[in-house]
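# Whatever this is, show me its structure:
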Amino acid sequence: MLVYFFVQKINLFFMQENSIDGGIYKLIEQYYGKGVGIIKENNIRSLSQERVVRLFMELVQVDSVSREEREMVDRLKGIFEKLGFTPREDGVASSINGNAGNLIVDIPGREDLPCLLFCAHLDRVQPGRGINPIIKNGYVISSGDTVLAGDDLIGVAAIIEALRLIKEKGMEHCPVKLIFTVAEEVGLLGAKGLAREEIEAVDYGFVLDVDGDIGTVVYKAPSQIKFNAVIKGKAAHAGINPGEGVDAIRISSRAISRMKLGQVNEETTANIGVIKGGRAINIVPDMVELQGEVRSHSDKALSEQKEHIRQVIQEAALKYGGKVEYRVERLYNGFELFPESDIINLARMSLEDTGKEMELMISGAGSDANIFNEKGLQTLNLGVGMEKVHSPEERVALENLVELPGLIIRIIQNVEKIPEKSGKYV
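Numbers count the residues shown, from 1 in each chain. Below is the predicted model of the structure:
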């Protein structure tokens, strides 16, 4: 009788509290069955854990592709206001041609403790509209025709649930700043446009935006440039007077065949991702555009690869009588934190407290952590359990989804163990 009453209470809670088609209870019930089976088979041991799953599955259904995060920002504003916080939005939208800015929440705490930043981004890649989340075999997946948007709503949901628990339990804590960035997937634009003053009072930063299980910690990430090469030839009739033309496709083919691409060396990668050119099959092509990127953990290697690409394109153009316009843009700078630094020790002890081992990782990709480090804030990027990101096969294990808020709470609790040096935490 007691078990029956408990099951009915859970059922009633989720049917009443969730506005998305009867809620997470129904969705879990479809696969796992009713009652205590949810708790036993899924290892979901509390209403808080079920709450973070429910929140995640609600948020992925809010359309929020890059530069169109308005509805998501408004949804999160409402959540934080109900929790008694005062969210605010910065003015980055106008500078990135978006419809929403970064969402910022300042949470006061003990002034004698370091201030911590937690960050996750609100946008997702395409196809990212009309997402229908499904629970299957212990994972949350999409219905198969969109991404899941676990990148990065896993981090968003975990941050919200962690702060909700801290408030509910009345935990004493350090000052905390939350930043939910926009337009991350199209060049880290939200973080780039964030005013430096927003993080001046922060001592350590944690971005929650890495694939791999909880315990993965990115302490080193590369710099990245993108390049655009417009190769100009001369049009001519392909059947009547082809010799009078200069074939831009031929020039680009020769250049690409001589480029070092892929894994250039241990520290550097390079890629040509877009090729545009040609107007018709009976015209010698007079223009080809190449778009690509170079990433490296070494500025010297980055510069050398950039020059190598420019040189082989120029040599090919000279050989066949063409011309080249070559433009380069640096997207972000790399970072590397000392493995025995206080911020890594804080991550290590917090993971150990949750029964996890830390795995230090060197990433080949950039994130908002690159921008925060560039702005002077030591920032790690933490694994959240996202898998097969940027694809319709994207998924997240329920185990990772429900455990992440606990890690955030441990980091907030353990920061008081970091020694203060010369009036500033380092």
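
# low-confidence ranges in the stretch 1-150 of the chain?
Flagging of the stretch 1-150 of the chain using pLDDT under 70 yields the residue ranges 1-46.

# what ranges do the strands span in it?
In the stretch 1-150 of the chain, the segments counted as strands under DSSP state E, counting those that start in this stretch are 88-89, 103-107, 116-121, 133-136, 139-142.

# same thing with the stretch 301-426 of the chain?
Assigned by DSSP E, counting those that start in this stretch, the strands in the stretch 301-426 of the chain fall at 323-332, 335-336, 359-362, 379-387, 395-397.

# Deepest-packed of these, please.
Most buried of these by mean neighbour count (mean count of other CB atoms under 10 Å) is strand 379-387; its value is a mean of 26. All C-beta spots, glycine's among them, are computed from the backbone N, C-alpha and C.

# related to what we said a few turns ago, pick the most deeply packed of the strands of the stretch 1-150 of the chain.
strand 116-121 (a mean of 26).

# same for it, what does it pack against?
helix 150-169, strand 176-181, strand 204-211, helix 368-374, helix 398-414 (3 or more CB pairs under 8 Å, 6 or more residues apart in numbering; DSSP states H and E).

# how about a cut-off of 6 Å?
Judged by 3 or more CB pairs under 6 Å, 6 or more residues apart in numbering; DSSP states H and E, strand 116-121 is in contact with helix 150-169, strand 176-181, strand 204-211.

# Could I get the strands of the stretch 1-150 of the chain in TSV, plus columns for distance to L178?
Shown next, in TSV, are the strands of the stretch 1-150 of the chain (distance: least, CB to CB, whole Å):
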stretch	distance to L178
strand 88-89	11
strand 103-107	4
strand 116-121	6
strand 133-136	24
strand 139-142	23
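
# among those strands, which is nearest L208?
strand 116-121 (5.0 Å; CB to CB).

# give me the number of residues near S303?
13 (other CB atoms under 10 Å).

# contacting residues for the closest residue to V396 other than its chain neighbours?
The shortest distance from V396 to any non-neighbouring residue, by CB to CB, 6 or more residues apart in numbering, is to G150 (4.5 Å). G150 is in contact with 386, 394, 396, counting by CB atoms under 6 Å, 6 or more residues apart in numbering.

# who's the last one bridged to?
It refers to V396. In this entry, V396 is beta-bridged to V140, M386, by DSSP bridges.

# Settle this for me: it is touching G385, isn't it.
Yes. Between V396 and G385 there is a contact under CB atoms under 6 Å: 5.2 Å.

# just to revisit the earlier point, got a markdown table for the helices and strands packed on strand 116-121, with distance to I107 too?
As requested, these are exported to a markdown table (distance: least, CB to CB, whole Å):
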| stretch | distance to I107 |
| --- | --- |
| helix 150-169 | 7 |
| strand 176-181 | 4 |
| strand 204-211 | 14 |
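
# Tell me which of the ones you listed sits nearest to G109.
For G109, the closest of the helices and strands packed on strand 116-121 is strand 176-181, at 6.2 Å, according to CB to CB.

# From the contact counts, what lies against the closest one?
Using 3+ CB pairs under 6 Å, 6+ apart, strand 176-181 sits against strand 103-107, strand 116-121.

# Each with direction, which strands does it pair with?
Sheet partners assigned to strand 176-181 using DSSP bridges are listed as strand 103-107 (antiparallel), strand 116-121 (parallel).

# Measure how it sits relative to strand 204-211, angle-wise.
Per axes from the mean of the first three to the mean of the last three CA atoms, to 10 degrees, the angle that strand 176-181 makes with strand 204-211 is 40 degrees.

# Show me which positions of strand 176-181 end up buried.
Neighbour counts over strand 176-181 (16 or more other CB atoms under 10 Å) mark 176-181 as buried.

# C-terminal to it, what's the next element?
helix 189-193 (DSSP states H and E).

# what's in contact with that next one?
Residues from elsewhere that reach helix 189-193, judged by CB under 6 Å, 6+ apart: 92, 95-96, 102, 181-184, 368, 371.

# mind exporting it as PDB, just the C-alpha atoms?
The C-alpha trace of helix 189-193 is given here as PDB (Å, rounded to 0.1, in the frame of the first residue of the first chain):
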ATOM      1  CA  LEU A 189      30.200  35.100 -31.200                       C
ATOM      2  CA  GLY A 190      28.300  35.500 -28.000                       C
ATOM      3  CA  ALA A 191      31.400  34.900 -25.800                       C
ATOM      4  CA  LYS A 192      33.500  37.100 -28.100                       C
ATOM      5  CA  GLY A 193      31.000  40.000 -27.800                       C
END
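
# Could you check it and say which residues are buried?
For helix 189-193, by 16+ other CB under 10 Å, it's 189-193.

# Closest one to I281 out of these, please.
Distances from I281 to those, taken as CB to CB, are shortest for L189 (39.2 Å).
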